[in-house]
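**Student:** show me the folded form of this:
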Amino acid sequence: MSAVAYDYIEEYIRGLIKESDKELLQMEEYAKINHVPIIHKEVGKFLELFINIVKPLKILELGTAIGYSSILMSRCAGSKTTITTIERDKKMVELAVGNINKLGLEKNIQVLEGDCLNILENLTEKYDIIFMDAGKGHYKDFFPNCVRLLNKNGVIISDNVLFRGMIASDELIEKRKITIVKRMREYLDYISKNNEFSTSIIPMGDGIAISTRRNAHE
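**Tutor:** You can find the predicted model right below:
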């Protein structure tokens with residue numbers, strides 16, 4: 001359980017989700033065995049839905065891991081959409097590139113190796129969706145550059161914002177996670193009070209926040 005939703009609710013929702021194809025199932029199994037964090041199934045389904053609504057041409061992802069979410073998003077978005085994904089762990093980069101190449105998606109997904117903040121500062125393209133899933137204690141540091149790189153009508157999706165329920169309840173906080181919890185609370189407070197953006201926090205998976213510019217269509 002993610003500690004964000006009751007067990008029986010999570011199990012019921014996941015039971016409604018169609019099983020992934022063989023390649024994604026293999027990646028899910030690898031992640032489970034090797035304790036690699038990937039997005040929850042219901043968050044993956046949400047991303048698919050969101051991509052079908054927004055129809056993005058450019059997606060930026062912070063945190064690649066083994067490439068699971070970027071592959072999922074690319075398959076949903078189609079060949080006209082390009083994804084740039086950032087990962088600092090060299091081993092994860094190698095695994096992600098291998099998975100991407102294996103599925104013939106190397107023309108659609110570009111993996112950049114390095115620290116997210118350093119790479120963000122040097123990016124200039126505009127993106128329709130920015131999916132934040134790296135360095136949970138640094139979301140607030142990432143946000144200004146994400147705003148700079150976001151198209152006028154773009155959307156920032158932040159994953160794991162309720163962090164196993166610790167963000168909402170001091171009773172759940174693990175001692176070694178105090179700093180991450182403190183910083184995530186600061187981030188959620190910051191984006192919730194940001195006058196330029198409208199943000200909704202959804203208790204799905206490990207918690208996601210959806211942020212869009214206010215009056216973007218004017």
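
**Student:** now do the same contact list for residue 105.
**Tutor:** Taking C-beta atoms under 8 Å, 6 or more residues apart in numbering, we find residue 105 in contact with 71, 74, 75. In this view, the C-beta of every residue, glycine as well, is placed from N, C-alpha and C.

**Student:** where exactly do the helices run in this structure?
**Tutor:** Secondary structure of the chain (DSSP state H): helices at 7-16, 22-33, 41-54, 68-77, 90-102, 116-122, 139-149, 178-192.

**Student:** can I get those helices in a markdown table with distance to residue 108, mean pLDDT and mean neighbour count?
**Tutor:** Formatted as a markdown table, the helices of the chain follow (distance: least, C-beta to C-beta, whole Å; pLDDT from 0 to 100; neighbours: other C-beta atoms under 10 Å):
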| stretch | distance to residue 108 | mean pLDDT | mean neighbour count |
| --- | --- | --- | --- |
| helix 7-16 | 27 | 74 | 12 |
| helix 22-33 | 15 | 93 | 14 |
| helix 41-54 | 13 | 93 | 17 |
| helix 68-77 | 5 | 96 | 22 |
| helix 90-102 | 8 | 97 | 17 |
| helix 116-122 | 19 | 96 | 15 |
| helix 139-149 | 19 | 97 | 18 |
| helix 178-192 | 29 | 92 | 17 |
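
**Student:** okay if I get these as JSON lines plus distance to residue 166?
**Tutor:** Listed next are those as JSON lines, based on distance: least, C-beta to C-beta, whole Å:
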{"stretch": "helix 7-16", "distance to residue 166": "17"}
{"stretch": "helix 22-33", "distance to residue 166": "22"}
{"stretch": "helix 41-54", "distance to residue 166": "18"}
{"stretch": "helix 68-77", "distance to residue 166": "22"}
{"stretch": "helix 90-102", "distance to residue 166": "24"}
{"stretch": "helix 116-122", "distance to residue 166": "22"}
{"stretch": "helix 139-149", "distance to residue 166": "15"}
{"stretch": "helix 178-192", "distance to residue 166": "5"}
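
**Student:** remind me, longest strand of this protein?
**Tutor:** Using DSSP state E, we find that the single longest strand of the chain is strand 150-159.

**Student:** tell me the pLDDT of residue 167.
**Tutor:** Note on residue 167: pLDDT of 84.

**Student:** if we can go back for a sec, between the helices of the chain, which gets nearest to residue 204?
**Tutor:** Among the helices of the chain, helix 41-54 comes nearest to residue 204, with 5.5 Å by C-beta to C-beta.
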